[in-house]
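In: Structure of the sequence below:
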Amino acid sequence: MTLYQIDQAILGCIDLETGEIIDKEMLDQLEMDREAKIENVACWIKELKAEAEALKAEKMAFAKRQQVAENKMESLKKYLAYALNGQAYKSTRASVTFRKSQSVEVADIWKLDENYLRYKEPEADKTAIKEALKAGQTVAGATLVENTSVIIK
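Out: Residues are numbered from 1 along each chain as shown. Below you'll find the predicted structure:
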């Protein structure tokens, strides 16, 4: 039975007009079933949280290993570029060539013309808004919303 079904069955054990209990044994059993179901769901949530934390730690370890491999690769590419001094290399197992590219370096952004600048979209400072609303100030376009979160230990 689902929690919803258990709650409906509990209501069936009580006379809604008088509030009198019709079937005490059934009511006791349903309440025990409900408590067991709630406990099982809470334990499942704890298990999923532990699994998510383990996966996050593993993901971070893989990201670190990936970064080390990428750094080593870049270092070795620089070493090869230095050793080959711009000359192409080719064998049956590997080929090294060089390609010219262009990039722009901006020395002083404040000297650039307006046409060459990009601006970000405005972003609300939620911390400042929250402090103002808590202090009793009115902030047009913003309200303080009370949320309830479930904590399972």
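In: From here on, just use CA atoms for contacts and neighbour counts.
Out: Noted.
In: and the end-to-end length of stretch 133-151?
Out: 26 Å (C-alpha to C-alpha, to the nearest Å).
In: Can you tell me what sits against that stretch?
Out: I129, K130, A132 (C-alpha atoms under 8 Å, 6 or more residues apart in numbering).
In: Least confident secondary structure element in this protein?
Out: helix 3-12 (a mean of 88; mean pLDDT, DSSP states H and E).
In: chain center to the helix or strand following it: distance?
Out: Using DSSP states H and E, the helix or strand that follows helix 3-12 towards the C-terminus is helix 24-84. Between the centre of helix 24-84 and the centre of its chain there are 11 Å (C-alpha atoms, centre = their mean, to the nearest Å).
In: gap between the helix or strand following helix 24-84 and the chain center?
Out: Per DSSP H and E, the first helix or strand lying C-terminal to helix 24-84 is strand 89-90. Chain-centre distance of strand 89-90: 45 Å, with C-alpha atoms, centre = their mean.
In: Of the contacts of stretch 133-151, just say which sits nearest to K56.
Out: Nearest to K56, judged by C-alpha to C-alpha, of the contacts of stretch 133-151 is K130 at 30.6 Å.
In: Can you tell me the SS state at the closest one?
Out: Counting by DSSP: H, G, I helix; E, B strand; the rest coil, the backbone at K130 sits in helix.
In: Now for R34, how many residues are close by?
Out: 20 (other C-alpha atoms under 10 Å).
In: That one contacts Q5, correct?
Out: No. In this structure, R34 is not within contact of Q5 by C-alpha atoms under 8 Å, at 9.6 Å.
In: Which residues are in contact with I38?
Out: By C-alpha under 8 Å, 6+ apart, the neighbours of I38 are L3.
In: Make 536 the first number, not 1, from now on.
Out: Right, with 536 as the first residue, what we last looked at is I573.
In: how much space is there between it and M536?
Out: 12 Å.
In: Then L546?
Out: For L546 relative to M536 (C-alpha to C-alpha), the value is 15 Å.
In: Between those two, which is the more surrounded one?
Out: Per other C-alpha under 10 Å, whichever of L546 and M536 has more neighbours is L546, with 15 against 11.
In: just to revisit the earlier point, specify which member of the contacts of stretch 668-686 is nearest to E656.
Out: I664 (18.0 Å).
In: Neighbours of the closest one, how many?
Out: Residues near I664, counting by other C-alpha under 10 Å, number 18.
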